[in-house]
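Asker: What follows is a predicted protein model with its sequence.
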Number of protein chains: 2
Amino acid sequence: MDEEEARTRLLDAAEELFYAHGIQAVGMDRIRAGSGVPLKRLYRIFPAKEALVTAYLERRDRRWTGSLREAVTGAPEPVGAVFDWLERWFSEPDFRGCAFQNAYGELGAGGPAGVLDAVRRHKAELRALLAELVPDSPATADELLILVEGAITVATLSPGPEPARRARAMAERLTGDGPPPG
Amino acid sequence: MDEEEARTRLLDAAEELFYAHGIQAVGMDRIRAGSGVPLKRLYRIFPAKEALVTAYLERRDRRWTGSLREAVTGAPEPVGAVFDWLERWFSEPDFRGCAFQNAYGELGAGGPAGVLDAVRRHKAELRALLAELVPDSPATADELLILVEGAITVATLSPGPEPARRARAMAERLTGDGPPPG
DNA sequence: AACGATGGAGAACGGTCGTTCTCAACCTTA
DNA sequence: TAAGGTTGAGAACGACCGTTCTCCATCGTT
């Protein structure tokens, strides 16, 4: 196992455990057990827990935003595609809400700076992505952001596709970017 | 200091500290210091931390939902009054998002049952309150819920009145419950 | 004034966490 | 094969947490 694979295994274990159980509830020894990477090597790659948490959030951000961007790129109804993508996400069996929202709620405004930066970057990227979909109306981007965040929050406590469908219908009524009538 | 005052002081300290810094980040000794109630008495009133957390969330739910209900009752535009009330909340200097969302994100689905019940009850009450505002359309209540949760989530990371104003405008366009055109 | 019950202040206990250290096994190079 | 650095497995360390215990002051009753 070279260093790159160890790093991947550590981030895989971190993502699974931190997302499922929260950050403070998962100790470094559980990361070691879940990854198979010895503690000493773990600390050589990530010199403290905060570095691991930050790396976990950053990789998740790249994947999450990348997957969403891929889903909307070239879609006939890009705005609708956002909510279709959310619907698939909400239906995953291990869906537990937005990892960044959870991290922020857990660590609070007084948490480690690196973590808070990662959360802010993620939300800024989401808003930027939405703004690209309605380039002539920043206000609409803010409205879409409210719908996306609202759907995620509602789905967190009652998982399933309905919040995404309902938010999609609202977005279509608000933007007119719906299926052609007929 | 009789028992009722001790209880109130404990819940006041718990609310201030848990809401500001998170639940796991605040130890029982900090509750003792913040309340002035000795540890022994604390444990006589709340036999474990979980009981204190549950009581904190339940009292906060009663106050939060009660205040919102009061604000919308008899308002000329009840739906708009919801978002006006949110706007005032978001502008409070120590606003840090939804305490229940934060608690859920922190403790996860595997947390203590009492805490999760309190979170679920709070969200059910919010939805029931919104449903009363649009008694002929449960679907609209779900839409309002998405707008309210979305505004709260957006405001959590960038506090201020704007998310509430924008959500209010969306609600008016969706329900027609807006100010009479002039 | 003497007594027992009550309550407060804080030490103590067992457990867990993040992090570091020990030490033996193992490669590499000669 | 021998030496030397590197690694892995896990014990160890110091700090902190939730909870309980000790000990003394206080107070109402006689």
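Answerer: Now that the structure is in, tell me what you want to look at.

Asker: hey, let's count contacts and neighbours off CA atoms from now on
Answerer: Fine.

Asker: Low-confidence ranges, chain A, go.
Answerer: A:177-182 (pLDDT under 70).

Asker: if we go to 80?
Answerer: By pLDDT under 80, the low-scoring segments of chain A are A:108-109, A:176-182.

Asker: burial count for the residue of chain A found nearest DNA strand C?
Answerer: Distances between chain A and DNA strand C by C-alpha to the nearest atom of the strand are smallest at residue A:27, namely 2.8 Å. Residue A:27 has 13 neighbouring residues, counting by other C-alpha atoms under 10 Å in any protein chain shown.

Asker: what's the neighbour count on residue A:69?
Answerer: 18.

Asker: What sits closest to it if chain neighbours are left out?
Answerer: Excluding its sequence neighbours, the residue lying closest to residue A:69 (C-alpha to C-alpha, 6 or more residues apart in numbering or on different chains) is residue A:129, at 7.3 Å.

Asker: Run a quick neighbour tally on that neighbour.
Answerer: Neighbour count for residue A:129, taken as other C-alpha under 10 Å: 17.

Asker: so what does the longest helix belonging to chain A touch, helix or strand wise?
Answerer: Criterion DSSP state H: the longest helix present in chain A is helix A:49-72. Helix A:49-72 is packed against helix A:3-21, helix A:78-90, helix A:113-133, with contacts defined by 3 or more C-alpha pairs under 8 Å, 6 or more residues apart in numbering or on different chains; DSSP states H and E.

Asker: still on that earlier bit, ramachandran coordinates for the residue of chain A closest to DNA strand C?
Answerer: For residue A:27, the backbone dihedrals (degrees, to the nearest 10) come out as phi -90, psi 160.

Asker: Can you classify the closest residue to chain B within chain A by secondary structure?
Answerer: Of all residues in chain A, the one sitting closest to chain B is residue A:150 (3.4 Å; C-alpha to the nearest C-alpha). Following DSSP: H, G, I helix; E, B strand; the rest coil, the label given to residue A:150 is helix.

Asker: didn't it look like it was pressed against residue B:143?
Answerer: No. Applying C-alpha atoms under 8 Å as the test, residue A:150 and residue B:143 come out as separate, 9.3 Å apart.

Asker: Quick one: neighbours of residue A:25, just the number.
Answerer: The number of residues packed near residue A:25 is 16, by other C-alpha under 10 Å.

Asker: tell me the contacts of it?
Answerer: For residue A:25, the contact set (C-alpha atoms under 8 Å, 6 or more residues apart in numbering or on different chains) comprises A:18, B:107.

Asker: Establish whether the longest helix of chain A and DNA strand C are in contact.
Answerer: Yes. Helix A:49-72 reaches DNA strand C (C-alpha under 7 Å from any atom of the strand) through A:49-50.

Asker: And for residue A:157, nearest residue in space, chain neighbours not counted?
Answerer: residue B:120 is the one closest to residue A:157 (C-alpha to C-alpha, 6+ apart), at 7.4 Å.

Asker: any idea how far DNA strand D is from residue A:3?
Answerer: Noted for residue A:3: a distance of 9 Å to DNA strand D, by C-alpha to the nearest atom of the strand, to the nearest Å.

Asker: What is the burial count for that residue?
Answerer: Per other C-alpha under 10 Å, the neighbour tally for residue A:3 reads 11.

Asker: The one 3 residues further on now?
Answerer: Residue A:6 is surrounded by 18 other residues when neighbours are defined as other C-alpha under 10 Å.

Asker: pretty sure it is touching residue A:40, no?
Answerer: No. If you go by C-alpha under 8 Å, residue A:6 and residue A:40 don't touch, sitting 11.8 Å apart.
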